[in-house]
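Peer 1: The following block contains a protein sequence and its predicted model.
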Amino acid sequence: MLHWIGENQQYIYIVILMIFLGIEVIGRVPSVLHTPLMSGANAIHGVVIIGAIIVMGKAESDNYVALVLGFLAVILGTLNVVGGFVVTNRMLEMFSSKNKKKNPNEK
Amino acid sequence: MQQNILTLIYIIASVTFIVGLKMLSNPAKARNGNLIAAAGMTLAIIGTIFLYKDDEGNALHNYGWIFGGIIIGGIIGTLAAKKIKMTAMPEMVSMFNGMGGACAALISYSEFNNLYQVDKVLDSTFFLDVVQPLHYITIVAGGIIGSISFAGSMIAWGKLNGKIKDFSFKGQHFINMFILILVLVAATFAYQANIKSANIPFTIAFILSLLYGVFFVLPIGGADMPVVISLLNSFTGVAAACGGFLYNNKVMLTGGILVGAAGTLLTILMCKAMNRSLANVLIGNFGGSNIAKSTQSKSGGNYKEISVNDAAVAMAYARKVMIVPGYGLAVAQAQHACHELEKLLEEKGVEVKYAIHPVAGRMPGHMNVLLAEADVNYENLLEMEQANDEFKTTDVVLILGANDVVNPAAKTDPSSPIYGMPILEVEEAKMVIVNKRSMKPGYAGIENELFFQPKTSMLFGDAKAVLQQLITEVKML
């Protein structure tokens, strides 16, 4: 166990820091933005697409199970990323035009 | 060299995720935050496709398949996201979240298959001889969490668009626990099995995880779906992080854990907005239970109706009108009509404000998005505390398709399932006009005593039709 911790300390640091950062970063979000924020976070976990690309790119060209699984994974992952960001952008479009006009000085 | 460039790209992408998420929690910068995160994501994807090398230094191949998948997914995703109506946004988010979960599950499944193929030749090998325990744990964890997230999100999606009804039976929570234990048993069993037969318990673990996802969400009331989606969102984040461990890929790890942590906090914040605990949401069977029926039988008194004409007069000659929008307004797509009425009343010198309950509609912030779409001035939207201070000086409250968020039972009736949820105290106003399609109870399935109070008048009909009639009437005054 201790050995494992020593070997993987980078990852352990990343996980711990990211947990605190994730909490810190959205700690003061107004309830108005809950939905867009959820949607934005949804798009960000679409980073799983990178795993799908690796699976797809490593598959032997005669291994049809791996090819099909990887292909499906790439499609689904892309749906998550593209759909997530576009939906979030559509939601926010409605806020931002308003805000710029009405409260130019608000930070 | 290439590897170092890819590392740099991943670092930049990780930073854009963090900055993007930070900006998303600020109304003025949110949109740019989203774009920044999207740019980082694009960079990471392109970098992976062209620069990634595995441990032995082999580049990726199958470019045709990769680009094919990205193009298909990209087109469907863009079209779906552009076409969807603003009111159906919550289920769309749930749908995309499910896709991410499914993606993580498929990755795990095909990684498992890879392990399984490598040593196919040696018949008598045990699985645990060829695979490191931690490697196996990351594969299994990603698979299980991804499957649960996928199945759960699909159920949540079905519930939000009304295709799936709430469903619960006695002892369901024990059965859920039991399924979850079976999943772990099957996964452990696969690890100790002979390599030839390891795929059978592994597949069973997958199927049971899907089943668990279904049973996990089924009993939870439709009104709580936003909380569930947010929770499943953080699940998918963790599943993505498992993929990061699997491939020693730090951008997947940072992105996944970041969303996992932020999603969990967001879930808790949403629960707080409804003044309930997460455990209560997940176990509480909000809505369809016996308690709801007992409150139902208690009321059922007389209510009075008001004509469109009278309602128009009451509002046009009031000093201050407060509009309380709810899901009814969203379904009827009445946000534009609502804004038109607001402008007309303002021309007549009436002060018009909107009182937005944090969970009005189907998701927190849903109403703000809808009203913003109709160009309603951001400053006229009052949050709950502000609105509650102003109800005392309000002459007419117009409730458009909201129900549970104005139900006084939340303050007065400890047996009510929504007891303790902060509500908009509309009874403080001089007069309350409630627009609903019928006397049927709202989403939580409970009666609302407010409708039977002497101050309250009912104005039945579809929110949009009623608003248009009101506009015509007000114009004629």
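Peer 2: Thanks, I have it. Numbering: from 1, shown residues only, chains lettered A, B, ... in the order given.
Peer 1: List the contacts of B:Lys411.
Peer 2: B:419, B:423, B:425 (C-beta atoms under 8 Å, 6 or more residues apart in numbering or on different chains). For every residue, glycine as well, the C-beta is placed using N, CA and C.
Peer 1: Please repeat the previous calculation with a cut-off of 10 Å.
Peer 2: By C-beta atoms under 10 Å, 6 or more residues apart in numbering or on different chains, the residues touching B:Lys411 are B:418-423, B:425, B:427.
Peer 1: Just give the closest residue to residue 51, not the sequence neighbours.
Peer 2: You didn't say which chain, so I picked chain A. B:Gly243 (3.7 Å; C-beta to C-beta, 6 or more residues apart in numbering or on different chains).
Peer 1: ah, no, chain B please
Peer 2: B:Leu6 (4.1 Å).
Peer 1: can you tell me how far the one you found sits from chain A?
Peer 2: 11 Å (C-beta to the nearest C-beta, to the nearest Å).
Peer 1: Just give me the neighbour total for that residue.
Peer 2: 19 (other C-beta atoms under 10 Å in any protein chain shown).
Peer 1: and what of B:Ser209?
Peer 2: Quick note: B:Ser209 (other C-beta under 10 Å) scores 27 neighbours.
Peer 1: one step back: now the two most distant members of the contacts of B:Lys411.
Peer 2: Using C-beta to C-beta, the contacts of B:Lys411 span at most 17.7 Å, a distance reached by B:Gly420 and B:Glu427.
Peer 1: The two: which has the busier surroundings?
Peer 2: When B:Gly420 and B:Glu427 are compared for neighbours, B:Glu427 comes out ahead with 17 against 14, by other C-beta under 10 Å.
Peer 1: tell me which residues of stretch B:196-210 are tucked away?
Peer 2: Residues B:196, B:198-199, B:201-202, B:204-206, B:208-210 are the ones in stretch B:196-210 that count as buried (16 or more other C-beta atoms under 10 Å in any protein chain shown).
Peer 1: So what's the residue count around B:Gly33?
Peer 2: 23.
Peer 1: OK, contacts around it?
Peer 2: If you count contacts by C-beta under 10 Å, 6+ apart, then B:Gly33 has A:36-37, A:40, A:88, A:92, B:16, B:19-26 around it.
Peer 1: How about the secondary structure of it?
Peer 2: Assigned by DSSP: H, G, I helix; E, B strand; the rest coil, the conformation of B:Gly33 is helix.
Peer 1: Can you tell me how far the residue lying closest to it once chain neighbours are set aside is from B:Gly255?
Peer 2: What sits nearest to B:Gly33 in space, not counting adjacent residues and going by C-beta to C-beta, 6+ apart, is B:Met23, at 2.6 Å. According to C-beta to C-beta, to the nearest Å, B:Met23 stands 16 Å off from B:Gly255.
Peer 1: on that earlier part again, quick check, the residue nearest to B:Leu51 in contact with B:Ile45.
Peer 2: No: using C-beta atoms under 10 Å, B:Leu6 is not in contact with B:Ile45, being 11.7 Å away.
Peer 1: Over in the stretch 151-300 of chain B, which residue gets nearest chain A? Let me know.
Peer 2: Going by C-beta to the nearest C-beta, chain A is nearest to B:Ala261 of the stretch 151-300 of chain B, at 2.8 Å.
Peer 1: Which residues are in contact with that residue?
Peer 2: By C-beta under 10 Å, 6+ apart, the neighbours of B:Ala261 are A:15, A:18-26, A:41, B:234, B:237-238.
Peer 1: lowest-pLDDT helix or strand in chain A?
Peer 2: helix A:84-102 (a mean of 72; mean pLDDT, DSSP states H and E).
Peer 1: before we move on, the earlier item: give me the mean pLDDT for the strand or helix carrying the residue nearest to A:Gly51.
Peer 2: In the assignment (DSSP states H and E), B:Gly243 maps to helix B:225-246. The average pLDDT within helix B:225-246 is 92.
Peer 1: May I have it as CSV, with CA atoms only?
Peer 2: The C-alpha atoms that make up helix B:225-246 are tabulated as CSV, following Å, rounded to 0.1, in the frame of the first residue of the first chain:
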residue,chain,number,x,y,z
MET,B,225,-34.8,14.9,-11.3
PRO,B,226,-32.5,18.0,-11.5
VAL,B,227,-30.8,16.9,-8.4
VAL,B,228,-30.5,13.4,-9.7
ILE,B,229,-29.1,14.6,-13.0
SER,B,230,-26.6,16.7,-11.3
LEU,B,231,-25.6,13.7,-9.2
LEU,B,232,-25.3,11.4,-12.2
ASN,B,233,-23.3,14.2,-13.9
SER,B,234,-20.7,13.9,-11.1
PHE,B,235,-20.8,10.1,-11.5
THR,B,236,-19.8,10.5,-15.2
GLY,B,237,-17.0,12.8,-14.1
VAL,B,238,-15.6,10.1,-11.9
ALA,B,239,-16.0,7.5,-14.6
ALA,B,240,-14.0,9.8,-17.0
ALA,B,241,-11.4,10.1,-14.3
CYS,B,242,-11.1,6.3,-14.1
GLY,B,243,-10.3,6.4,-17.8
GLY,B,244,-7.6,8.9,-16.9
PHE,B,245,-6.0,6.4,-14.5
LEU,B,246,-6.3,3.7,-17.1
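Peer 1: and it, how far out from the chain's middle?
Peer 2: 13 Å (C-alpha atoms, centre = their mean, to the nearest Å).
Peer 1: pLDDT value on the spatially most central residue of chain A, please?
Peer 2: By C-alpha atoms, centre = their mean, chain A has its centre lying nearest to A:Ile44, at 1.4 Å. Confidence at A:Ile44, expressed as pLDDT, is 95.
Peer 1: quick one: it and B:Ser234 touch, right?
Peer 2: No: using C-beta under 10 Å, A:Ile44 is not in contact with B:Ser234; the gap is 11.4 Å.
Peer 1: what's the overlap in contacts for those two?
Peer 2: B:256, B:259, B:262-263.
Peer 1: so what's residue 25 up against?
Peer 2: By default, I'm working from chain A. With C-beta under 10 Å, 6+ apart, A:Val25 has these contacts: A:18, B:17-25, B:258, B:261-262, B:265.
Peer 1: not what I meant, chain B
Peer 2: A:25-30, A:33-34, A:36-37, A:40, B:33, B:262, B:266.
Peer 1: about what we covered before: out of the contacts of B:Lys411, which one sits closest to B:Glu342?
Peer 2: For the contacts of B:Lys411, the nearest to B:Glu342 is B:Glu425 (21.6 Å; C-beta to C-beta).
Peer 1: okay, the contacts of B:Gly33 in a markdown table with distance to A:Val82 next?
Peer 2: Below are the contacts of B:Gly33 laid out as a markdown table (distance: C-beta to C-beta, whole Å):
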| residue | distance to A:Val82 |
| --- | --- |
| A:Pro36 | 17 |
| A:Leu37 | 19 |
| A:Gly40 | 14 |
| A:Thr88 | 11 |
| A:Leu92 | 16 |
| B:Thr16 | 16 |
| B:Val19 | 20 |
| B:Gly20 | 16 |
| B:Leu21 | 18 |
| B:Lys22 | 22 |
| B:Met23 | 20 |
| B:Leu24 | 17 |
| B:Ser25 | 23 |
| B:Asn26 | 24 |
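Peer 1: closest to B:Lys83 among the residues you listed?
Peer 2: Closest to B:Lys83, out of all of the contacts of B:Gly33 and judged by C-beta to C-beta, is A:Thr88, at 15.7 Å.
Peer 1: for the closest one, what are its contacts?
Peer 2: Counted by C-beta under 10 Å, 6+ apart, A:Thr88 has contacts A:35-44, B:20, B:24, B:30-31, B:33-35, B:37-38, B:81, B:89, B:93, B:96.
Peer 1: any idea where the helices of chain A begin and end?
Peer 2: A:2-7, A:9-25, A:34-44, A:49-58, A:64-78, A:84-102 (DSSP state H).
Peer 1: now do the stretch 51-200 of chain B
Peer 2: For the stretch 51-200 of chain B, applying DSSP state H, counting those that start in this stretch gives helices covering B:63-83, B:89-118, B:127-130, B:133-160, B:172-192, B:199-217.
Peer 1: thinking again about what came up before, among the contacts of A:Val25, name the ones in helices.
Peer 2: Checked against DSSP H, these include these in helices: A:18, B:17-24, B:258, B:261-262, B:265.
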